[in-house]
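Peer 1: sequence and predicted structure are below.
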Amino acid sequence: MPPSTPGAEPMEAVVARARGGDERAFAELATSVRAQVHRWALVRTGDADDAEDVAQTVVIRLHRHLHAFEGRSKFTTWLYRLTASAALDWVKGRGRRERAHLASADPGTLAAATDDRIAALENERTAALVRSFFAELPARQREVFDLVDLQGFTPAEAGEMLDIEGVTARAHLFRARRAIRERILAAHPNLGDDR
Amino acid sequence: MTMDCAAARDLLLEADPTELRGEGDSPLAVHLRACAGCRARADAILAAEAELDAALRILATPSTDPKVVPLRPRRAWTGRIVPAAASLAALAAAVVAMMLPRPHPVPRGATSEQIARLMFPAPPVARAEAGRSVAVLKTSDPGVTVVWVY
């Protein structure tokens, strides 16, 4: 699990205070997890605008459901599932509103707003990599790769968060790594086959 | 160096980042410590994945544009909370509200302004604390709490 900020009050303590009705603790908790939730939502939905909406929805649901968190799982696992549920609901709602979605019709097409934000990245090669990350990897592979290789969760933790077996998480991880790394190496002409 | 480059270059496509850094005693890690060509490939992968991580962090930063989340929790609630946000503070990037168990008696078809007046008959005091991006506001109605995401 990614490290917490040195010197900061442990997350579990803030969760406990927020569960007890301390609104300041809730604000502190929600603020501290907001970026993380936003990142999860982005990777899951593949849509920058939707990710913002999902992240805000999760803050509301966190306030409403925090009392139901009993500590049987890690808070991050519980929060991830809350985010996944909100993202799923959001995507369903978007379908009802007849908006195009990345995962529905054309998996190679990013939402315009997302593509604009990617285009604003300074490094063109990075932008191309991000585009392929969203356009070419299935959502589950994106999630596992992001959680494990980019955010530092173990495959077992990722499996728990995604409610899949650890071995399944590893299978998704290997497929994602291979797809991403082949693209990375293809973008480096100076790394030709010189053996 | 017992592993050849062809095998190493296939393995590094699925290897853990620690192995790509040449850490540990696995055959791949040992090969990467000894072979500059394969090491360059591993370094390129690690650098690009770090760039991908940084880019995702940037993309997951909330935009500064005002955003609105539609309220859906109770049937009685039909509006959006935009005007409430505007009345609260210019700092508000978004305001979302949560209905506690008792539905708020908002008439169907009420305008957003009417909803805001129902919720806030007297202007509430909202303070955006430094280092925070979420605040919880109580309203005059004990059945309504506003979670302010700014």
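Peer 2: Received the coordinates, thanks.
Peer 1: what residues sit buried inside the worst-scoring helix or strand of chain A on mean pLDDT?
Peer 2: Sorting the helices and strands of chain A by mean pLDDT, DSSP states H and E puts helix A:112-119 at the bottom, at a mean of 81. Neighbour counts using 16 or more other CB atoms under 10 Å in any protein chain shown place A:114, A:115, A:117, A:118 of helix A:112-119 among the buried residues. Bear in mind the C-beta positions are built from the backbone N, C-alpha and C, glycine included.
Peer 1: determine which two of these are furthest apart.
Peer 2: Farthest-apart pair in those is A:115 and A:117; separation 7.4 Å (CB to CB).
Peer 1: ranges for the helices of chain A?
Peer 2: When secondary structure is read from DSSP state H, chain A shows helices at A:11-19, A:23-45, A:48-65, A:75-96, A:112-119, A:124-136, A:139-145, A:155-162, A:166-186.
Peer 1: export these to JSON lines and tack on distance to chain B?
Peer 2: Below are the helices of chain A laid out as JSON lines (distance: least, CB to the nearest CB, whole Å):
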{"stretch": "helix A:11-19", "distance to chain B": "10"}
{"stretch": "helix A:23-45", "distance to chain B": "4"}
{"stretch": "helix A:48-65", "distance to chain B": "5"}
{"stretch": "helix A:75-96", "distance to chain B": "8"}
{"stretch": "helix A:112-119", "distance to chain B": "5"}
{"stretch": "helix A:124-136", "distance to chain B": "4"}
{"stretch": "helix A:139-145", "distance to chain B": "9"}
{"stretch": "helix A:155-162", "distance to chain B": "10"}
{"stretch": "helix A:166-186", "distance to chain B": "4"}
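Peer 1: hey, least reliable of those helices by pLDDT?
Peer 2: With a mean of 81, helix A:112-119 has the lowest mean pLDDT of those.
Peer 1: name the helices or strands packed onto that one?
Peer 2: Secondary-structure packing of helix A:112-119 (3 or more CB pairs under 8 Å, 6 or more residues apart in numbering or on different chains; DSSP states H and E): helix A:48-65, helix A:124-136, helix B:36-59.
Peer 1: hmm, try it at 7 Å
Peer 2: Here helix A:112-119 touches helix A:48-65, helix A:124-136, going by 3 or more CB pairs under 7 Å, 6 or more residues apart in numbering or on different chains; DSSP states H and E.
Peer 1: got CSV for those helices, with mean neighbour count too?
Peer 2: Shown next, in CSV, are the helices and strands packed on helix A:112-119 (neighbours: other CB atoms under 10 Å in any protein chain shown):
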stretch, mean neighbour count
helix A:48-65, 23
helix A:124-136, 18
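Peer 1: select, out of those, the one closest to residue B:54.
Peer 2: Comparing those against residue B:54 with CB to CB, the closest turns out to be helix A:124-136 (7.9 Å).
Peer 1: for that closest one, list the C-alpha coordinates in PDB.
Peer 2: Provided in PDB are the C-alpha atoms of helix A:124-136 (Å, rounded to 0.1, in the frame of the first residue of the first chain):
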ATOM      1  CA  GLU A 124       4.400  14.300 -26.900                       C
ATOM      2  CA  ARG A 125       5.600  10.800 -26.400                       C
ATOM      3  CA  THR A 126       4.100  10.700 -22.900                       C
ATOM      4  CA  ALA A 127       0.800  12.000 -24.400                       C
ATOM      5  CA  ALA A 128       0.800   9.200 -26.900                       C
ATOM      6  CA  LEU A 129       1.500   6.600 -24.200                       C
ATOM      7  CA  VAL A 130      -1.400   7.900 -22.100                       C
ATOM      8  CA  ARG A 131      -3.700   7.800 -25.100                       C
ATOM      9  CA  SER A 132      -2.800   4.200 -25.800                       C
ATOM     10  CA  PHE A 133      -3.100   3.400 -22.100                       C
ATOM     11  CA  PHE A 134      -6.800   4.400 -22.200                       C
ATOM     12  CA  ALA A 135      -7.600   3.400 -25.800                       C
ATOM     13  CA  GLU A 136      -5.900   0.100 -26.000                       C
END
